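> Sequence and computational prediction follow.
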Amino acid sequence: QVQLVESGGGLVQAGGSLRLSCAASGLTFGKNAMGWLRQAPGKERELVAAISSGDYIYYVDSVKGRFTISRDNAKNTVSLQMNSLKPEDTAVYYCAADFYVQNVMRGSGDYWGQGTQVTVSS
């Protein structure tokens, strides 16, 4: 049984930082693409960042230069370092996994975590 468990969300002031982590189990982690997606109230879910099994990395334009995605295949974890946070970054952040990075990027990954709330106050 595949499980993705996110941690690290919380409340932070604008300009602050948070680091999200996703611990994966039940899958061959190194062969899967991983990603972070978010959904704000009243908005559609959007891709934030994705990293393929070959370390191809994609960021949505709104987070480029502020967020960094990374993976540790030895620990079966993927992280999202979020700096210079803005109120518009407020959302539930989800970890996703799929063999194909395109599926993660499209929001149609096979596996999902339960989400972690990130709230940025102005």
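On my side now, so go ahead.
> got the phi/psi numbers for Tyr100?
Main-chain torsions, Tyr100, degrees, to the nearest 10: phi -100, psi 130.
> Wasn't Val5 part of a helix?
No. Val5: not assigned to a helix; according to DSSP: H, G, I helix; E, B strand; the rest coil it is strand.
> Need the nearest residue in space to it, chain neighbours excluded.
Ala23 (4.9 Å; Cβ to Cβ, 6 or more residues apart in numbering). Where you see a C-beta, it was placed from the backbone N, CA and C, and this is true even at glycine.
> tell me how far the helix or strand containing that neighbour is from the chain's mean position?
Using DSSP states H and E, Ala23 sits in strand 18-25. Offset of strand 18-25 from its chain centre (Cα atoms, centre = their mean, to the nearest Å): 8 Å.
> swap in stretch 68-83?
For stretch 68-83, the distance to the chain centre is 9 Å (Cα atoms, centre = their mean).
> so who does Tyr94 touch?
Glu6, Trp36, Leu37, Arg38, Gln39, Arg45, Trp112, Gly113, Gln114, Gly115 (Cβ atoms under 8 Å, 6 or more residues apart in numbering).
> I misspoke; the intended subject was Val118.
Per Cβ under 8 Å, 6+ apart, neighbours of Val118: 9-10, 12, 18, 20, 38, 82, 85, 89-93.
> right, and the secondary structure at it would be what?
Val118 ends up strand, using three-state DSSP.
> now do Lys43
coil.
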